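[1] take this sequence and fold it.
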Amino acid sequence: MNFDEKFRESLVKLYKNIWREPPWNEYFWTDKMVNEDVDYAIKQKDFISKLAVNKNNVKGFIWGYSLPQEKFQFLNLGEATYIDELAVEREFRKMGIGTRLIEMLINDARKLGYETITLRTDINGSAYKFYLDLGFQDMKIRDPKYSQRTYMIKTIK
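    Prediction:
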C-alpha cells in the first residue's frame, strides 16, 4: 500500500528499531527526528512510498523521490529516483517483502518516466548483497561522511 498517515506512529517505531541494528548502530533517532525525515521525503519531487502492513502495524517500508541534484552533485546522474529508505522488520525478513517493496517503487518510478534508480547502503551489511542480487551495481562512490557507505545504481527502463 502507499504511505498512509494512519500508520505513521507504527512506521516511526519500526524506523527507530531498524537503524539500531548493525551495521547502522544508530541509537540517536527520536520520534521528532524520524517524523522530520518522513516530512522531508513527502515534500520531495515525485515522492513514492510503500508500506508492508500486518495487523495494522508497519512491518516494512520504502520511500524514494527524484534525486535532489543540489544534494547529490557528486553522483553526476541527472534525472533518477533516489531510494532514501528501505527497511523490513527482522522477523519478516527473507520472505520477499523487501524485494516486493523495491519492485513496487521501481514500477511507480517507471510510470513517472525515470530510467535510473540509485541508493546508498553500507558495504558491510546484508542489504549490500540484497541490492546486488536485485541487479543494482556498486558505483564505487563512497559517501563523503561515511566511508563504508556506497552508492548503487540500477537501470529500470
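[2] show me where this structure has its strands.
    Applying DSSP state E to the chain gives strands spanning 48-54, 57-66, 81-88, 116-122, 137-142, 149-155.
[3] select, out of these, the one closest to Pro22.
    Nearest to Pro22, of all the strands of the chain, is strand 116-122, at 9.0 Å by C-beta to C-beta. The C-beta positions use only the backbone N, C-alpha and C, and glycine is treated the same way.
[4] other SSEs contacting that closest one?
    When contacts are defined as 3 or more C-beta pairs under 8 Å, 6 or more residues apart in numbering; DSSP states H and E, strand 116-122 packs onto strand 81-88, helix 97-111, helix 126-133, strand 149-155.
[5] minimum distance to Ile141: which of those has it?
    So among these, strand 149-155 is nearest, using C-beta to C-beta, at 4.6 Å.
[6] got the angle for that closest one vs strand 81-88?
    Angle, strand 149-155 to strand 81-88, by axes from the mean of the first three to the mean of the last three C-alpha atoms, to 10 degrees: 110 degrees.
[7] so which of the helices and strands packed on strand 116-122 is the most surrounded?
    Highest mean neighbour count of the helices and strands packed on strand 116-122: strand 81-88, a mean of 23 (counted as mean count of other C-beta atoms under 10 Å).
[8] quick one: that one to strand 57-66, angle?
    Strand 81-88 runs at 170 degrees relative to strand 57-66, counting by the same axes, to 10 degrees.
[9] from the contact counts, what lies against strand 81-88?
    Other elements packing on strand 81-88 under the criterion 3+ C-beta pairs under 8 Å, 6+ apart are helix 8-20, helix 31-42, strand 57-66, helix 97-111, strand 116-122.
[10] need these in TSV with distance to Glu85, can you?
    Shown next, in TSV, are the helices and strands packed on strand 81-88 (distance: least, C-beta to C-beta, whole Å):
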stretch	distance to Glu85
helix 8-20	8
helix 31-42	7
strand 57-66	5
helix 97-111	10
strand 116-122	9
